[in-house]
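Peer 1: Any chance you could fold what I've pasted below:
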Amino acid sequence: MRTNRELVVKIVRDAMLLSEVLSGSYKFKALSLNREGDRFAVLLDIPTPLRGGPNRQMDVESLVKRLARERHAIVVTSMYWRSADVHDRKAVTRTVSRARPAPSRWHGQAGARVEEDTTLGPTNFGEIG
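Peer 2: Residues are numbered from 1 along each chain as shown. Model (predicted):
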């Protein structure tokens with residue numbers, strides 16, 4: 001038997017295909033919102049905004065929610081969209097390349113060296129809020 005997360009993944013792929021969005025042009029994650037695994041949020045990363053703008057995104061979101069509810073009694077509460085911007089990527093790259101690694105710290109009696117690195121690499125989904 002398939003897990004609900006796998007079912008949501010299939011539903012998102014089906015909805016994107018029905019909306020004529022190629023599978024290689026986006027990445028996404030389905031996050032379970034409760035222990036029962038019947039409520040999900042979807043985080044979607046697309047390189048460029050969909051043709052049709054926010055209205056098209058709302059249509060895709062409605063389709064995902066409807067398919068999940070009708071096919072498997074799963075609730076998709078929301079979809080978070082993020083499209084990459086060339087200027088934003090350059091700013092992030094510049095910031096990371098200027099960051100300096102944290103100084104090494106010595107811990108323990110044997111003098112074991114533990115290095116702490118404070119530089120963070122890029123994430124798939126940044127801050128939601």
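
Peer 1: Show me the strands in this protein, by range?
Peer 2: For the chain, applying DSSP state E gives strands covering 27-32, 39-46, 75-83, 105-107, 112-114.

Peer 1: if you compare those, which one is most tucked away?
Peer 2: strand 39-46 (a mean of 20; mean count of other CB atoms under 10 Å). Backbone N, C-alpha and C define where each C-beta goes, glycine included.

Peer 1: Name every strand pairing with it and say which way it goes.
Peer 2: strand 27-32 (antiparallel), strand 75-83 (parallel) (DSSP bridges).

Peer 1: Not including adjacent chain positions, what is the nearest residue to K65?
Peer 2: V76 (4.8 Å; CB to CB, 6 or more residues apart in numbering).

Peer 1: For that neighbour, which residues are in contact?
Peer 2: 8, 11, 39-42, 64-65, 68-69 (CB atoms under 8 Å, 6 or more residues apart in numbering).

Peer 1: Swap in 10 Å and give it another go.
Peer 2: V76 makes contacts with 8, 11-12, 15, 30, 33, 39-42, 61, 64-69, as judged by CB atoms under 10 Å, 6 or more residues apart in numbering.
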